[in-house]
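1. Below is the structure, and that's it, no one-letter string:
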């Protein structure tokens, strides 16, 4: 019971956008016996709650920024653990939003989850164009790029895959777009996930086939 209380308290301060309290509650959750993985799950679940509420226009930009700061503060508590777990695969991943209101938050959460399962993942944060995300990922030496796309815009997925196909990136890294409810059939060799959980699963399957060696 005490463990569950600690996690609920963390959720509450994250939703309120209270950064320093979020840091303290993350430490408290661990002190009450929760694992780093359980604490991360709560942070990621809270991000999903915020994203859903934002779809209902219940979060303005200032509040979103406050929540993002609180999320980052709580993740700092897990940084030592994430630094250890991210070495499983010798693969670099970049995650970035293209045209999403809460894309920065979602990118931070997915990137942390990818680090937890073994990737050296970097969140590119703010919304970018498809070409900017691809170019920035190339500069960072990414092996896998996960763009977060709008859930109701199939044309966005088409545009992203076209930019990937035509921009000379196909021989440089794999892409795994996350596009909810998409009906677009991607071109050959391109994976598509419908949510973050599926993205992590597909990324892991891909990594097991392509990782040169474990750290």
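-> In hand now; what should we look at? If you're wondering where the values come from, they're calculated on a predicted model, not measured in any experiment. Residues are numbered from 1 along each chain as shown.

2. any low-confidence regions in this protein?
-> 55-58, 101-102, 127, 151-153, 181-189, 211-215 (pLDDT under 70).

3. got the residue ranges for the helices in this structure?
-> 2-16, 19-31, 36-55, 61-77, 79-85, 103-117, 130-139, 154-166, 196-210 (DSSP state H).

4. Run through who's touching the fifth one.
-> This means helix 79-85. 36, 75, 112, 115-118 (CB atoms under 8 Å, 6 or more residues apart in numbering). C-beta: built from backbone N, CA, C; applies to glycine.

5. out of these, who has the most neighbours?
-> When neighbours are counted by other CB atoms under 10 Å, residue 115 leads the contacts of helix 79-85 with 26 neighbours.

6. quick one: contacts for the nearest residue to that residue once chain neighbours are set aside?
-> In space, and not counting its chain neighbours, residue 115 is closest to residue 86: 4.1 Å by CB to CB, 6 or more residues apart in numbering. Residue 86 makes contact with 115-116, 118-121, according to CB under 8 Å, 6+ apart.

7. One more: residue 92?
-> Contacts of residue 92 (CB under 8 Å, 6+ apart): 119-122, 140-144.

8. can you redo those residues as CSV with distance to residue 154?
-> Shown next, in CSV, are those (distance: CB to CB, whole Å):
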residue, distance to residue 154
119, 28
120, 31
121, 26
122, 27
140, 28
141, 30
142, 25
143, 27
144, 22
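
9. which among the residues you listed end up buried?
-> With burial judged by 16 or more other CB atoms under 10 Å, the buried subset of the contacts of residue 92 is 119-122, 142-144.
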